[in-house]
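S.K.: Here's a sequence, model it:
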Amino acid sequence: MATKFELPSPAVVVDLDIAERNIARVADLARQNGKKLRPHIKPHKSTYFARQQLAAGAQGITVAKISEAEVMAAHGITDILIAYSLVGDEKLARLKRLHERAQIVTTVDGLEVARGLATVGSTERPLPVLIEIDSGTHRGGCQPGQAALALAQQVRTFPSLHLQGLFTYGGNIYGSRNRAELAAHAAAEAGVLRATAALLEQNGIPVSVLSGGSTPATVVLDKLEGVTEIRPGNYVFFDVSGLNLGIATVNDCALRVLATVVSVPLPGYATIDAGSKALTSDPAERSQEYGYLVDLPDVHLVKLNEEHGYLRYDPAQRELHVGDRIEIIPNHACVVPNLSGVLYGVRGGKVEREIAVEARGKNY
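M.R.: Residues are numbered from 1 along each chain as shown. All right, here's what the predicted structure looks like:
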């Protein structure tokens with residue numbers, strides 16, 4: 001059995017002990033707080049980890065794109081929320097086929113989207129939908145309150161749609177600087193959902209699902225009062241953003257990119273064979289660098305080209321040599337499996353399995 005440092009670099013490795021611990025911890029937190037867990041699979045895009053999440057207690061999964069849902073359903077994972085507005089005849093035809101063989105729920109944030117979705121369901125088998133509420137990110141969703149009520153009333157006129165409840169993405173929580181701000185953002189997200197649900201129910205529209213929550217919100221789940229379903233994703237792996245938010249430690253970060261020093265052009269300068277195609281150029285919250293070097297906190301990854309990473313360090317304090325292996329926690333772990341296509345599951349530093357990323361490239 002090979003060690004992780006014998007893998008060809010750059011390689012994406014996942015410490016299975018850490019990932020399994022993260023999966024179990026969030027499942028336990030959801031149970032303790034009375035929340036249904038529907039994790040987002042976009043960080044791993046893998047049926048291996050989706051099955052682990054379901055085995056730990058998740059009651060379904062969340063995907064971003066219909067192509068991810070198609071992959072998961074083809075592998076027998078069929079309780080799926082597609083958390084994205086589906087627009088256009090091509091996607092609606094695919095959704096119709098999925099709806100016929102899986103338990104699909106999707107979101108709607110306007111009448112145009114609702115009209116399209118109404119062509120998917122039928123009176124005998126209506127398509128379940130959640131109204132997406134804009135809780136402050138302005139990325140999507142209708143506005144809370146009266147606008148949401150008006151849309152709910154319109155959705156209810158389509159017998160081929162079944163309005164289950166409300167959905168939001170509280171992305172502002174990622175700007176939190178401390179636990180108090182995490183709690184405040186989570187409470188605000190839940191408050192928007194509760195207030196809009198109350199307005200709908202006052203007008204005779206039942207609401208059974210309030211879907212929200214994210215990985216940062218899992219540390220303040222008690223603040224998601226009234227939310228029935230949470231959709232964290234990044235907690236499986238964590239990354240530099242999690243470190244900087246204070247919701248994870250290095251020992252919680254399961255996914256790392258292994259790279260090799262390929263050049264030392266000057267003292268204090270080194271180049272590795274992992275660039276943006278391995279690590280992603282996504283920034284992290286409150287960081288100007290492109291990853292955290294495990295056991296080398298004084299070495300800084302300051303720039304990426306497609307196939308090169310630029311390291312800077314104090315040569316009076318540190319030496320790096322061609323051939324040195326470097327272990328990097330990426331800024332944004334959710335992007336890395338989609339770049340790689342294969343993850344190496346390791347335990348105790350030994351490679352235990354190759355994990356396929358079946359939904360790699362399924363972004364349509």
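
S.K.: Please, where are all the strands along the stretch 151-300 of the chain?
M.R.: Ranges of strands in the stretch 151-300 of the chain, per DSSP state E, counting those that start in this stretch, are 161-168, 209-212, 229-230, 255-266, 269-272, 292-293, 300-304.

S.K.: Nearest approach to residue 354 belongs to which of those?
M.R.: Among the strands of the stretch 151-300 of the chain, the nearest to residue 354 by CB to CB is strand 255-266 (14.3 Å). Every C-beta, even on glycine, is put in place using the N, C-alpha and C of the backbone.

S.K.: Check the offset of that closest one from the chain's centre.
M.R.: Here strand 255-266 is found 27 Å from its chain centre; the criterion is CA atoms, centre = their mean, to the nearest Å.

S.K.: I'd like to know which elements that strand is packed against.
M.R.: When contacts are defined as 3 or more CB pairs under 8 Å, 6 or more residues apart in numbering; DSSP states H and E, strand 255-266 sits against strand 11-15, strand 269-272, helix 276-279, strand 325-329, helix 336-340.

S.K.: could the strands of the stretch 151-300 of the chain go into TSV alongside mean pLDDT, mean neighbour count and distance to residue 62?
M.R.: Listed next are these as TSV, based on pLDDT from 0 to 100; neighbours: other CB atoms under 10 Å; distance: least, CB to CB, whole Å:
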stretch	mean pLDDT	mean neighbour count	distance to residue 62
strand 161-168	98	23	10
strand 209-212	98	24	9
strand 229-230	98	25	9
strand 255-266	98	19	19
strand 269-272	98	23	34
strand 292-293	98	22	27
strand 300-304	97	18	29
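
S.K.: Output those strands in TSV; the columns should cover distance to residue 361.
M.R.: Below are the strands of the stretch 151-300 of the chain laid out as TSV (distance: least, CB to CB, whole Å):
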stretch	distance to residue 361
strand 161-168	26
strand 209-212	27
strand 229-230	27
strand 255-266	18
strand 269-272	25
strand 292-293	27
strand 300-304	21
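
S.K.: circling back to that earlier point, residue 317 is nearest to which of the helices and strands packed on strand 255-266?
M.R.: Of all the helices and strands packed on strand 255-266, strand 269-272 comes closest under CB to CB, at 13.7 Å.

S.K.: Could you check how far the closest one is from the centre of its chain?
M.R.: 31 Å.

S.K.: Just the buried residues of the one helix or strand residue 25 maps to, please?
M.R.: Under the criterion of DSSP states H and E, residue 25 resides in helix 16-32. By neighbour count on 16 or more other CB atoms under 10 Å, the buried set for helix 16-32 is 16, 18, 19, 20, 22, 23, 26, 27, 29, 30.

S.K.: Run the chain-centre distance for the helix or strand following that helix.
M.R.: Sequence-wise, the next helix or strand downstream of helix 16-32 (DSSP H and E) is strand 36-37. Mean-position distance between strand 36-37 and its chain equals 15 Å (CA atoms, centre = their mean).

S.K.: Report the rounded mean pLDDT for strand 36-37.
M.R.: When pLDDT is averaged over strand 36-37, the result is 98.
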